[in-house]
Every structure is written in C-alpha cells, then in structure tokens.
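K.L.:
Just a sequence and a predicted model for now, questions to come.
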Amino acid sequence: MLLVILVAAELFTNALEHLGERLGISEGVTGSIFAAVGTALPETMVPLLALFAGTADTALNQDIGTGAILGAPLMLSTLSTFLMACSVILRRGWRGRVCPERTGLVRDLQFFLAAFALATGAMFVPAGVPGARPAAGLGLVLIYVLYIGLTLRASQALVDDGHATQAENRMWLNRLGVPLNLATIVLQLAGAVALLLLGAKGFIAGVGAAAHALGVSALLLSLLIIPVATELPEKVNSILWIRRGKDTLAMGNITGAMVFQGTLLPAIGILCTPWQPQREVLAGVAVTLAAALWMRACARRAGLPIWALMANGGLYAGYLVVNLG
C-alpha cells in the first residue's frame, strides 16, 4: 500500500501542475487548496471509514478516528517539514532558506493556528453543554470556507506578480500518446486519487491487529503509524517540488493540508467521537501547535531557514520519547 501511495503521488503531482497551468491560477492556490485537499483524502478517509464503516468495536473505531485526525497535522508540521528540508540541505546548506510566497504562507499558518486552538479548546468543554460541540464544529467549517475565499481572492494578483503555476514535465498520460486536454488531466487526477484512497483503506484493515500484536493502544498507534503512511503524498509531493525549486508549491502543499486537516477533520472528531483531552492526545496537540508557532515566528520575507524547519524534526522526536519512553 505504501508503494501504491508513492505511485499515486507522482501521478497526482504531475497532473496537478498541468491543471494549475491550464486554469491560470497561482502556485499558492494549486499548492494550498488543490494539492492539499487532494493529497489529504487518505487522511480524511481513514477517520471517516473507521468511524462509520469500521469494526464492531465502537471504542476502537473512535480511537483510530481520533488518532488519525490529530496525527495528520502533527506529522505535517514536524516530520514532513523536516524531511522536506533534509532533501535540499546539501544543495542549499544549513543556513539556506526555503522561499515560498510569504503572504500565502503566513495566511495558511495563521488560519491553522486559530482553527487548531479552537479544536483543542473544544476538548475541555463538557459533553453535556447544549449546542457547544455543534457550534465548535460549525465554526471550524466556516473558518475553512473563509480561508478558501481569501486564498482564491489573492490568486490573480499573485499570477500577475509572477507566481503562476507552470508545469515543467509532460503529463504521464500524454507520454503514453493520450492527447493533453482538460479531460485527460482530470482523468489522471481521478486515477491518482483512487489509488490514494485504496492505500488508505488498506491501512485501516490492519490497525487493530497491529495494535494487539505490538501491545500498543490503538489510539497511540493511529497517532503515529497511520499518519506516517497517509501523509506520504504530501511528503513526496513537497520533496519533488522543492528539489525543482518550486518552494511555494512545496510549502503550500504542507501548510494548506494543515489548514484542511486542522478544520474539517477536527469538526468530524468533535461531532463523532468523545473528543477528550487524553494524555497521548494532549502531547500531540502541544507539539503540533508548537511546530506551527515556530514556523510562523521564523517566516520572514527572505524565507524560512533550513535549520528552523529541521528543528521541527526534533519536536517530533521529543513526542516519540514522551509517548513511547
């Protein structure tokens, strides 16, 4: 299933660049909305399938769903940024920088921090308070709608300023002799998304058995193992893009996915799980917020320092020590 996800990521990235170029949109929209939502589908499907089509054990389904919901932004803000920085450290150096378009980066991080703080606060609201949880879930959905609107609104100005999406390589279907047009671009995207969903479904089937075999709680396993696998599309996409010098696409793919997974997925968790402040959950939330705040503090007009992104890997290592030590 990991191999399936890797192949799907290459097909998806390739087709998405052509779609962005054909639609005349900015790299910010392509990375933060299109790529982020598309590659976030596996992480979205894991909790949905676990909660609504999982095992007969309701508690297990809720643990898997909660772990997958909160583990995704944890992986993106720490491990994904660390691996992306590692992929270019030899070329750019320890003091080098990742230079995405700054306004989009700042917008992504600020929306994520606001939404994830709201989702975290909802854990401490007693379940018996009338309307509190639906209101928090609705608030998270509205935050994402506002985010999409502002990102799309900024697109044309960014295109005029030289940040338009450009495809560097031929589309894979086109290499096979299929004509390049909007229909074939959508066809390749749909095939890639189907492969991503297949990979996500395969992981759900083994979580319960793996937790039992390793003697680890299903909640902790789903916080650590499922997101590592389902976040592979974002990791691979960002590594491919940053090594080609497409820093806006690379960072937008990660931070845009953080916004998606910090709003819509927690809204599902608030409404469909106990959403309680357990030890493993709070540790993951604290590390995620710390990593996002660190990136926001380091975001300058000259870009994000490589060393600062690699420091996020240290936060992830600390999380593992706390939970597995």
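P.N.:
Noted; the coordinates are in hand.

K.L.:
Just the C-alpha atoms of the helix or strand encompassing residue 121, please, in PDB.
P.N.:
If you go by DSSP states H and E, residue 121 is part of helix 102-122. Extracted in PDB, the C-alpha atoms of helix 102-122 (Å, rounded to 0.1, in the frame of the first residue of the first chain):
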ATOM      1  CA  ARG A 102       5.200  34.800   2.000                       C
ATOM      2  CA  THR A 103       1.600  36.100   2.200                       C
ATOM      3  CA  GLY A 104       0.200  32.700   1.400                       C
ATOM      4  CA  LEU A 105       2.500  31.000   3.900                       C
ATOM      5  CA  VAL A 106       1.500  33.400   6.700                       C
ATOM      6  CA  ARG A 107      -2.200  33.100   5.800                       C
ATOM      7  CA  ASP A 108      -2.000  29.300   6.000                       C
ATOM      8  CA  LEU A 109      -0.200  29.200   9.300                       C
ATOM      9  CA  GLN A 110      -2.400  31.800  11.000                       C
ATOM     10  CA  PHE A 111      -5.600  30.100   9.900                       C
ATOM     11  CA  PHE A 112      -4.300  26.800  11.100                       C
ATOM     12  CA  LEU A 113      -3.300  28.100  14.500                       C
ATOM     13  CA  ALA A 114      -6.700  29.700  15.000                       C
ATOM     14  CA  ALA A 115      -8.600  26.600  14.000                       C
ATOM     15  CA  PHE A 116      -6.500  24.100  15.800                       C
ATOM     16  CA  ALA A 117      -6.600  26.200  19.000                       C
ATOM     17  CA  LEU A 118     -10.400  26.200  18.700                       C
ATOM     18  CA  ALA A 119     -10.400  22.400  18.200                       C
ATOM     19  CA  THR A 120      -8.200  21.900  21.200                       C
ATOM     20  CA  GLY A 121     -10.400  24.100  23.400                       C
ATOM     21  CA  ALA A 122     -13.400  22.000  22.400                       C
END
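
K.L.:
can you give me the helices for the stretch 101-250 of the chain?
P.N.:
Using DSSP state H, counting those that start in this stretch, the helices of the stretch 101-250 of the chain run over 102-122, 132-153, 155-160, 172-175, 182-214, 218-230, 232-243, 247-272.

K.L.:
Of those helices, which is nearest residue 3?
P.N.:
helix 182-214 (8.7 Å; Cβ to Cβ). The way it works is simple: take the backbone N, C-alpha and C, and place the C-beta from them, glycine included.
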